[in-house]
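**Q** Provided below are the primary sequence and the corresponding predicted coordinates.
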Amino acid sequence: MNSHVSKTRKRVFSGVQPSGNLTIGNYIGALRQWAREQRNFESFFCVVDLHAITVPYDPAELRAKTREVAALYLACGIDPDISTIFVQSHVPAHSELTWLLNCITPLGWLNRMTQFKDKAAKQQADSVGTGLLDYPVLMAADILLYHADAVPVGDDQRQHLELTRDIAQRFNHLFGETFTIPEAMIPLSGGRVMGLDDPTNKMSKSETSSEYHAVYLLDLPDRARKKIMRAVTDSGRDISFNDDPQRAGVNNLLEIYEALTGKTRSEIEAHFATARGYGDLKKEVADVVIAALEPIQQRYREITGEQGYIDSLLAQGAERAAEIAQSTLDTVRDRMGFIKTRS
C-alpha cells in the first residue's frame, strides 16, 4: 500500500446499480452483509449510477432509482453515522481515474470479461456502447480510489475484482507502489441466489421475461408469497441440499431459507424431513422472506417520507468520499507525470 495513505481501520467499498428493482438476492448476497460488517471496517457504499448508463436507460428512471437504492441501503441497515453512502457521479474522480487506468489496461483483458460477452450478445453488434466494454475499468477506479482492502461482492463479480487487482498491480509496477490490492469478501451462504423461475441463472434485478423471476425488496407480502409458491422445483419430494442440477430449484429455496434463518443445513434437513412435499417448503420459505422484508419496507417508508433527507445525506456522503478520492487522484496524477495546477 502507498505510504501516504493513512487508515485507522481496513476499508471496504461496494455498490449497486440504480437500475431494475433490488431483490432478496441483493439483500442476502450484499446489503445484509454490508450492514453486518460495517462496524468492522471503514465502509464506503456507493450508488453506481455511472455503471447504469452502460446499457440503454431512461433518465427519469435513473434519478428515481438512484434515490430508491440509497433509501434501501439505509432500510437494510447501513448506518450513515458509521458508513459513507454516496452517489458515484457526485465524485468526479471516479470518471477521471477511469480514463487514466484505461490507458494502462490492455484491451485483451477487457475482451475476456464474461459479463461483457453475455450482455453484448443481447444487443445488436453496432449498438453495443464502449462503456459496456469499459465497465470493469470504472469498477476498478471505484475500488482503488478508496484504497479498499476488501470488496463485498457476489460470486459473479469475482472476475471483475480479479481484473481490478491486475490493473492495480500493473499500475504499481509501472509507476511505483500506489494502490492497495483488494480482496473479495463473499458470503458463505447466499452468495448467489438464483432465479425462482429459472434456478440455473442468478436472480436478476433487471427486467426479465417472467414476472415470477425474483422477489423484490419492495414487493407486498401477497406478491412475494405468490412468486415463491410459483418457484420452479422438480418432480421429487426429498427436501435436502443437493448439487444435482436437476434439483437446482429446491436447493435454491433451501439456500434462501438457510440464509434468512441462520439455521445449519443439518437442522434444516431435519426440520423438513416430515414435510409432505415442496408445497410445505415453499410456504415456509415465503414466511421467512416476508418476515425479513417487513422491517425493511417499514424503514423505507419512514426514510422516503422525510422530504429532502436522502439528497442531504447523499451530499454529505459525497463530500466525505471526494476528500479521499481526490487525494488518491492527486497522487496518481503526480506519479503519471502530470503537471500540478497552481492553487
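**A** Noted; the coordinates are in hand. Numbering: from 1, shown residues only.
**Q** For the rest of this, base every contact and every neighbour count on C-alpha atoms.
**A** Noted.
**Q** what packs against the helix or strand where Pro295 lies?
**A** Following DSSP states H and E, one finds Pro295 within helix 278-304. When contacts are defined as 3 or more CA pairs under 8 Å, 6 or more residues apart in numbering; DSSP states H and E, helix 278-304 packs onto helix 59-75, helix 221-229, helix 248-261, helix 309-336.
**Q** how about the strands in the stretch 51-200 of the chain?
**A** In the stretch 51-200 of the chain, the segments counted as strands under DSSP state E, counting those that start in this stretch are 84-87, 150-152, 183-185.
**Q** Given the longest one, what are its sheet partners and their directions?
**A** Applying DSSP bridges, strand 84-87 is found paired with strand 42-47 (parallel).
**Q** Distance from the partner strand to the middle of the chain?
**A** 11 Å (CA atoms, centre = their mean, to the nearest Å).
**Q** okay, the angle between it and helix 59-75?
**A** Angle, strand 42-47 to helix 59-75, by axes from the mean of the first three to the mean of the last three CA atoms, to 10 degrees: 150 degrees.
**Q** Alpha carbons only: can I get strand 42-47 in PDB?
**A** The C-alpha trace of strand 42-47 is given here as PDB (Å, rounded to 0.1, in the frame of the first residue of the first chain):
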ATOM      1  CA  GLU A  42     -14.200   2.000   7.400                       C
ATOM      2  CA  SER A  43     -17.100   1.500   4.900                       C
ATOM      3  CA  PHE A  44     -17.900   3.200   1.600                       C
ATOM      4  CA  PHE A  45     -21.200   2.200  -0.100                       C
ATOM      5  CA  CYS A  46     -21.900   3.800  -3.500                       C
ATOM      6  CA  VAL A  47     -24.900   4.000  -5.700                       C
END
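**Q** May I have the residues that are in contact with Thr114?
**A** Thr114 makes contact with Gln159, according to CA atoms under 8 Å, 6 or more residues apart in numbering.
**Q** ditto for Leu22
**A** Residues in contact with Leu22 (CA under 8 Å, 6+ apart) are 69, 205, 216-217.
**Q** switch the cut-off to 7 Å
**A** The neighbours of Leu22, taking CA atoms under 7 Å, 6 or more residues apart in numbering as the test, are 205, 216-217.
**Q** what pLDDT does it get?
**A** We have a pLDDT of 96 for Leu22.
**Q** How about Gly191?
**A** 62.
**Q** One more: Leu62?
**A** Looking at Leu62, its pLDDT is 97.
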